[in-house]
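Sequence and predicted structure are below.
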There are 2 protein chains.
Amino acid sequence: MMNAQLEQVPGFLFFDHVAISVKPGELEAHVNAYKTMGFREMHREDVLGTDQVREVLLQIGNGPNLVQLIEPLNAESPVAKQIEKNGGRGGLAHVALRVADIQKAFDYLKENGFKLVDKAPRKGSRGTMVFFIHPKATEAAAFGYLIEVVQEGDHA
Amino acid sequence: MMNAQLEQVPGFLFFDHVAISVKPGELEAHVNAYKTMGFREMHREDVLGTDQVREVLLQIGNGPNLVQLIEPLNAESPVAKQIEKNGGRGGLAHVALRVADIQKAFDYLKENGFKLVDKAPRKGSRGTMVFFIHPKATEAAAFGYLIEVVQEGDHA
């Protein structure tokens, strides 16, 4: 029962992942703690370029929701700076929403006044295409956190 | 293909919700921004007791994942204190994991050395039962953020 207006919205499907920053050297201890909780490691990758992080994806149950642990590979990583800004502690880094058509989502949000970090969708890890919504989000509502928008990659 | 060990884990199913704190007076502007993104408001409740928040749940797509906006009802709300600590800004408050049997999850995590905020599962909003894992999580891995564990409520 969608009207014409609603059919134009970007079509967010579910939480692709919640990203957690981890202090350098502590990644394996965190992976083990999540495994104790019953999570399953399903992907691991060093993401270079502007990110400079080691990423581990852990599946929750049998669904599409993932926890993404990100450990900075060096001091230049934005995640290293985020940890430093956070008093040397890791924690919640961003929330990622899965979308079917990333270019459509990008265009829609831009047209509707959302402040976007990226100038266009770009390559993410595991063959995905991604862009980030700025924490200031809209003129009326500063969300106060980073949202990543993700289109499925090749591995899926 | 689960072994005996894995069958004893608490059985996390998916992200029940990601909670976002919102500054007093800004809730409706945030709800509207999420609606623009295509999210659907599916529950609203003033949660009293120790929480003291107005909560709005927004559904992402047709799945079980929700965004939970929480606005403090007064200065005594833990969310008000969190916003104050965060330089007056709202943002990511906690991540909630859905579990089938909350008592089993509570006992399992306690036995496995997880630091829990609550002494036992307690009533949450919309008829749920909940408890929180402390940000310090385990001796070896301080997660740095709050995880809520949620068993389905009556509304579902």
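Cool, the structure landed.

Can you show me the helices along chain A?
Counting by DSSP state H, chain A has helices at residues A:4-7, A:27-36, A:78-85, A:102-111.

if you go through chain A in chain order, where are the strands?
A:12-21, A:40-47, A:53-59, A:66-72, A:91-99, A:122-123, A:129-133, A:147-151 (DSSP state E).

Format those as JSON lines; extra columns: mean neighbour count, mean pLDDT and distance to residue A:105.
C-betas here are computed from N, CA, C, even on glycine. Output for the strands of chain A, formatted as JSON lines (neighbours: other Cβ atoms under 10 Å in any protein chain shown; pLDDT from 0 to 100; distance: least, Cβ to Cβ, whole Å):
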{"stretch": "strand A:12-21", "mean neighbour count": "23", "mean pLDDT": "97", "distance to residue A:105": "8"}
{"stretch": "strand A:40-47", "mean neighbour count": "14", "mean pLDDT": "95", "distance to residue A:105": "21"}
{"stretch": "strand A:53-59", "mean neighbour count": "22", "mean pLDDT": "97", "distance to residue A:105": "21"}
{"stretch": "strand A:66-72", "mean neighbour count": "25", "mean pLDDT": "98", "distance to residue A:105": "19"}
{"stretch": "strand A:91-99", "mean neighbour count": "23", "mean pLDDT": "97", "distance to residue A:105": "4"}
{"stretch": "strand A:122-123", "mean neighbour count": "12", "mean pLDDT": "94", "distance to residue A:105": "13"}
{"stretch": "strand A:129-133", "mean neighbour count": "21", "mean pLDDT": "97", "distance to residue A:105": "8"}
{"stretch": "strand A:147-151", "mean neighbour count": "23", "mean pLDDT": "97", "distance to residue A:105": "5"}
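
out of those strands, nearest to residue B:146?
Closest to residue B:146 of the strands of chain A is strand A:91-99 (Cβ to Cβ; 8.9 Å).

that older thread, adding distance to residue B:125, write the strands of chain A out as a markdown table.
Putting these into a markdown table (distance: least, Cβ to Cβ, whole Å) gives the following:
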| stretch | distance to residue B:125 |
| --- | --- |
| strand A:12-21 | 19 |
| strand A:40-47 | 30 |
| strand A:53-59 | 27 |
| strand A:66-72 | 23 |
| strand A:91-99 | 20 |
| strand A:122-123 | 38 |
| strand A:129-133 | 26 |
| strand A:147-151 | 23 |
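
Throw those strands into a markdown table and include distance to chain B, thanks.
Converted to a markdown table, the strands of chain A look like this (distance: least, Cβ to the nearest Cβ, whole Å):
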| stretch | distance to chain B |
| --- | --- |
| strand A:12-21 | 4 |
| strand A:40-47 | 9 |
| strand A:53-59 | 10 |
| strand A:66-72 | 9 |
| strand A:91-99 | 3 |
| strand A:122-123 | 20 |
| strand A:129-133 | 9 |
| strand A:147-151 | 9 |
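
partner residues bridging the residue nearest to the spatial centre of chain A?
Ranked by distance to the mean C-alpha position of chain A (Cα atoms, centre = their mean), the top residue is residue A:96 at 3.9 Å. Here residue A:96 sits in beta bridges with residue A:17, residue A:148, as judged by DSSP bridges.
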